[in-house]
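Student: Show me the folded form of this:
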Amino acid sequence: MTRRRKLKRYRSCQSGFVADGYERLENDARCRARRIVEAKYAEQWNASGILNRWKLQRQMDAEIAAIAHKMMPDVSPHALF
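Tutor: Predicted coordinates:
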């Protein structure tokens, strides 16, 4: 059997399911939201001190969670991926 046939045969046997599919979907939405929020607050972050950064981080985390929730498609956490 040639290498090409082995690869083709291997690909046809794969199920197509992804391990931790829902968690990966959540992480993707959170990463995209984090980029948006960090770009929004970059200048303020660089100009602030330690205490203000601590407060700003809490504010950013809340905003990231809200944006990520809006970005998530309407998918059940029990769905198979």
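Student: switch to C-alpha atoms for all contacts and neighbour counts from now on
Tutor: Fine.
Student: Give me the neighbour count for residue 40.
Tutor: Residue 40 is flanked by 12 other residues according to other Cα atoms under 10 Å.
Student: Could I get the pLDDT score of it?
Tutor: On pLDDT, residue 40 comes in at 96.
Student: Against residue 21, how distant is the residue nearest the centre of the chain?
Tutor: By Cα atoms, centre = their mean, the chain has its centre lying nearest to residue 28, at 1.8 Å. Going from residue 28 to residue 21 by Cα to Cα, to the nearest Å gives 11 Å.
Student: remind me, longest helix of the protein?
Tutor: Among the segments of the chain that qualify as a helix by DSSP state H, the longest is helix 21-47.
Student: C-terminal to that helix, what's the next element?
Tutor: helix 50-71 (DSSP states H and E).
Student: Can you list the neighbours in contact with that following helix?
Tutor: 26, 29-30, 32-34, 37-38, 45 (Cα atoms under 8 Å, 6 or more residues apart in numbering).
Student: low-scoring stretches of the protein, by residue?
Tutor: 1-16, 81 (pLDDT under 70).
Student: Check which residues of stretch 43-52 are buried.
Tutor: Residues of stretch 43-52 classed as buried: residue 45 (neighbour count, 16 or more other Cα atoms under 10 Å).
Student: In contact with the residue nearest to the centre of the chain, which residues are there?
Tutor: No residues are in contact with residue 28 under the rule Cα under 8 Å, 6+ apart.
Student: quick one: it and residue 80, what's the gap?
Tutor: Counting by Cα to Cα, the separation of residue 28 from residue 80 is 17 Å.
Student: Same check on residue 41?
Tutor: Distance, residue 41 to residue 80, by Cα to Cα: 36 Å.
Student: now swap in residue 55 and tell me
Tutor: With Cα to Cα as the criterion, residue 55 and residue 80 are 38 Å apart.
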